[in-house]
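A.B. asks: my questions are about this predicted structure, shown below with the sequence.
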Amino acid sequence: MAKSLDNPDGTRDVGVLITKPAIRPQHLWSRSWHKTEAQYFPSDRRTFDQDYDTLIRDYILPGHTPPEPMLDADDVVITLGSCFARELRDFMSEAGLAATRLRIPEALTNTFAIRDFVSWVVTGEGTERGFRYDRLESGEIEEWVPEEERETFLKAFQEAGAFVFAIGLAEVWEDVETGGVFWRGVPKEMYEAGRHVFRVTTVEENRENILATVDLLRAANPTAPIIVSLSPVPLEATFRPMSCMSADAVSKSVLRVAIDLVMQEQRENVYYWPGFEMIRWVGAHASWPAYGFHDDRARHVTRWAIGPIIMAFGETFYRPEAVELMRSKMEPAPSPLSLVGRWQARGERRRKRRSMEKKH
């Protein structure tokens, strides 16, 4: 087990060298009295390629699922937040599940914006911390005005079977005179140096916003499950003096910690959906690309990966009859590792490139 302390030159080592097998983590864990309570990271990289569905169930979902499914196929799920929420809504509709068709703003990418919108729906008053605007086709900026009356949104909230909101950004633009946070980046036409500042929001700010949003939704609908998620879509750009990749790591980390603190409060019927981990953590180990496989866009989640995620979402929150409907509606796409999958993706990438060339 240990090498001799005496060296040929007469010197003597301090300490011993333990053989490699003795210090391997799995050996240490195997002798631990609490090993049955541990959750393990996959030790074999091939696990990430062999069965994505099983990987999700066994290594990502534990600790994030309700005691039993509670939704039926006709329960309307309202999705709020980043573009990943929109993708979730579209895939759910394709899978035969009900999803709201209200024109919910797509700019709800930070917790200030989500809280502001939900506050307007539920109470009729914004938080005074969000600035809402749309950009017209002409390029002009105008304050966002909903096509539907507030009562229409409120009725939908009250009748919803569940809420899902996906948070995307911790970086925001803020008006230091009013304290208002822009729903999205500050428009060039409105920007005033010194007044509009770019900053990273804090864990505590985001935790507070998420909890306030949960309370607002509960005021409108006391029983519907509330599912919080973190968008896996990376930052497009940052105004911080560092690489966008580093800024993205900080932004996602701030939000993930804030969500974890919310989950530690164990609010009834409030859950975290780990779609972020299903893409970011899996994508770092899998042989198939987590992003851009179908269109070469480095920020677009590979479409094939979303199918298993939606199916896992259905199996987690929907009753068996609805899951069977999903299976009958959703035709699994070929794996990116298969010849068929690679061939189809190659053709789709070519079509998209040609379409972009025509536009330019």
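C.D. replies: Structure's in. What do you need?

A.B. asks: can you map out the helices along the stretch 51-200 of the chain?
C.D. replies: Counting by DSSP state H, counting those that start in this stretch, the segments of the stretch 51-200 of the chain that form helices are 52-55, 83-94, 111-123, 150-159.

A.B. asks: single out the most deeply packed of those.
C.D. replies: Comparing those by mean neighbour count (mean count of other C-beta atoms under 10 Å), helix 111-123 ranks first with a mean of 24. Where C-beta positions appear, they are placed from N, C-alpha and C, glycine not excepted.

A.B. asks: which outside residues touch that helix?
C.D. replies: Contact with helix 111-123 is made by 80-81, 104-105, 107-108, 125-127, 129-130, 132, 150, 153-154, 157, 165, 167, 172, 181, 183-184, 201, 205-206, 209-210, 212-213, 216-217, 219-220, 255, 258, as judged by C-beta atoms under 8 Å, 6 or more residues apart in numbering.

A.B. asks: kindly report the same for stretch 171-180.
C.D. replies: Taking C-beta under 8 Å, 6+ apart as the rule, stretch 171-180 contacts 110, 112, 128-131, 181-182, 185-186, 194-201, 235, 238-240, 247, 251.

A.B. asks: tell me the confidence at residue 29?
C.D. replies: Predicted confidence (pLDDT) for residue 29: 52.

A.B. asks: now a ChimeraX select for only the buried ones of the contacts of helix 111-123.
C.D. replies: Buried residues among the contacts of helix 111-123 (16 or more other C-beta atoms under 10 Å), as a ChimeraX selection:
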select :80,81,104,105,107,108,126,127,129,130,132,153,154,157,165,167,172,181,183,184,201,205,206,209,210,212,213,216,217,220,255,258
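
A.B. asks: and the contacts of helix 111-123, which of them are in strands?
C.D. replies: 80-81, 130, 165, 167, 172, 181 (DSSP state E).

A.B. asks: what is the nearest of the residues you listed to residue 354?
C.D. replies: residue 81 (32.4 Å; C-beta to C-beta).

A.B. asks: so what pairs up with the closest one in the strands?
C.D. replies: Judged by DSSP bridges, the bridge partners of residue 81 are residue 166.

A.B. asks: who's in contact with it?
C.D. replies: 108-109, 114, 164-168, 229, 231.

A.B. asks: look up how far residue 99 lies from it.
C.D. replies: 14 Å (C-beta to C-beta, to the nearest Å).

A.B. asks: residue 354 now?
C.D. replies: 32 Å.

A.B. asks: of those two, who's got more company?
C.D. replies: residue 99 (20 against 10; other C-beta atoms under 10 Å).

A.B. asks: surely the more buried one touches residue 91?
C.D. replies: No. Using C-beta atoms under 8 Å, residue 99 is not in contact with residue 91, being 9.1 Å away.

A.B. asks: re the thing from before, make TSV out of the helices of the stretch 51-200 of the chain and add mean pLDDT and distance to residue 276.
C.D. replies: Formatted as TSV, these follow (pLDDT from 0 to 100; distance: least, C-beta to C-beta, whole Å):
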stretch	mean pLDDT	distance to residue 276
helix 52-55	91	15
helix 83-94	76	9
helix 111-123	91	15
helix 150-159	91	25
